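Participant: Sequence and computational prediction follow.
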Amino acid sequence: MGTGRRTAAAVLCAAALIGGAAGCGGSDGSGRAGGADRSKGGESSGAAAMSDTQRMNESLNLFKGYRSFRMKGEFRQQIPRMVDLRADRQGNCVGTYADSRVPNDVVITGGRAWVRYGEESQKQLRELTKAAAPDKLAAVDEALAKSRGKYIEYAAEDVLKDPGLSLCALDTAFAGIPAKADKAEKRGNPRTRGGVRIVQLTHGSGVGEVSVHVAEKGGNEPRGIDFTLGDTPVMLELDAHDKPVVAKPPKPSETVQAKDLPALDVLAD
């Protein structure tokens, strides 16, 4: 937790190391996961007659045109970060993210960001402080007491540097996904979700690999997308596209400024 130098999301990633994980950055080399199957719009009746490449290109075209969407999935790091976020291209974002399945709430709008860290996140930070900087424990305890149950307010640009939350910047996070694939093919076996069989269409390989998940029959709407951001595989389910994103700042009584909690920047120095 902390200021513009380091938000709590980064510090709590380090806190999870106490549990025995090897690190917070980079890919673990494991396989990709599947996508979503909830949304029903954007279907194309001619999907069965199209090639895999044509289907993927139509799906990518739809995805690139979305003004907003919900994304639910995982940054596949050595300490996985799970996200469930709704974001639009105007910089609004709201939802949750979780390190080691410890959830935290986030709201981003108007160039500001508010993060409310759960009790387990605070416990992790305290354990980290005891192990790495015991001389700062009293100050950290005081800061945790001030922020317990409240949103900590940051500049949005600081929060958007954190893995997972960087997805809220749609135009930046997804810029590396191509608008068109020169070749695509099915990978893996179809999976059934919510009564719909989903297939994975993949372009490229390695770091440049991108997959979209579409219904086996009935249309090319992207129900999920897998790609690499930096060197980290990202697997997302997609739905609620082009729906309004309501990102309402919390009340002042529910907020504390990050600059007033310097002790939570425990690992910055």
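Facilitator: Structure received.
Participant: for the helix or strand in which A138 is found, the distance to its chain's centre please.
Facilitator: If you go by DSSP states H and E, A138 is part of helix 137-147. How far helix 137-147 lies from its chain's middle: 28 Å, per Cα atoms, centre = their mean, to the nearest Å.
Participant: who touches that helix?
Facilitator: 1, 117, 122, 125-126, 129-130, 256, 260-264, 266 (Cβ atoms under 8 Å, 6 or more residues apart in numbering). (Glycine included, C-beta is placed from N, CA and C.)
Participant: What is the subsequent helix or strand relative to it?
Facilitator: Helix 137-147 is succeeded, C-terminally, by strand 151-155 (DSSP H and E).
Participant: and that next one, which strands flank it?
Facilitator: Applying DSSP bridges to the sheet, strand 151-155 is found paired with strand 112-117 (antiparallel), strand 255-257 (parallel).
Participant: Touching, P103 and Y97? I think so.
Facilitator: Yes - counting by Cβ atoms under 8 Å, P103 touches Y97, with 7.5 Å between them.
Participant: Leaving out chain neighbours, which residue sits closest to A181?
Facilitator: H203 (3.6 Å; Cβ to Cβ, 6 or more residues apart in numbering).
Participant: what sits against the residue nearest the centre of the chain?
Facilitator: The centre of the chain sits closest to G164, judged by Cα atoms, centre = their mean, with a distance of 3.3 Å. Counting by Cβ under 8 Å, 6+ apart, G164 makes contact with 9, 75, 81-83, 97.
Participant: Which pair in the residues you listed has the greatest spatial separation?
Facilitator: A9 and M82 (12.6 Å; Cβ to Cβ).
Participant: who has more neighbours, these two?
Facilitator: A9 (25 against 17; other Cβ atoms under 10 Å).
Participant: pull the CA atoms of stretch 76-89 into CSV?
Facilitator: Taking Å, rounded to 0.1, in the frame of the first residue of the first chain, the C-alpha atoms of stretch 76-89 are listed here in CSV:
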residue,chain,number,x,y,z
ARG,A,76,-1.2,-16.1,-15.0
GLN,A,77,1.7,-15.1,-12.8
GLN,A,78,3.5,-17.3,-10.3
ILE,A,79,1.1,-15.6,-7.8
PRO,A,80,-2.1,-15.5,-10.0
ARG,A,81,-4.1,-12.2,-10.1
MET,A,82,-7.8,-12.7,-10.7
VAL,A,83,-9.8,-9.8,-12.1
ASP,A,84,-13.5,-9.1,-12.5
LEU,A,85,-13.7,-5.6,-14.1
ARG,A,86,-16.0,-3.5,-16.2
ALA,A,87,-14.2,-0.8,-18.2
ASP,A,88,-14.8,1.7,-21.0
ARG,A,89,-12.7,3.8,-23.3
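Participant: quick one: average confidence on it?
Facilitator: For stretch 76-89, mean pLDDT is 91.
Participant: now that stretch: how far from the chain's centre is it?
Facilitator: 2 Å.
Participant: Now it: buried residues?
Facilitator: 76-83, 85-88 (16 or more other Cβ atoms under 10 Å).
Participant: Which ones among the residues you listed lie within strands?
Facilitator: Using DSSP state E, the subset of the buried residues of stretch 76-89 located in strands is 81-83, 85-88.
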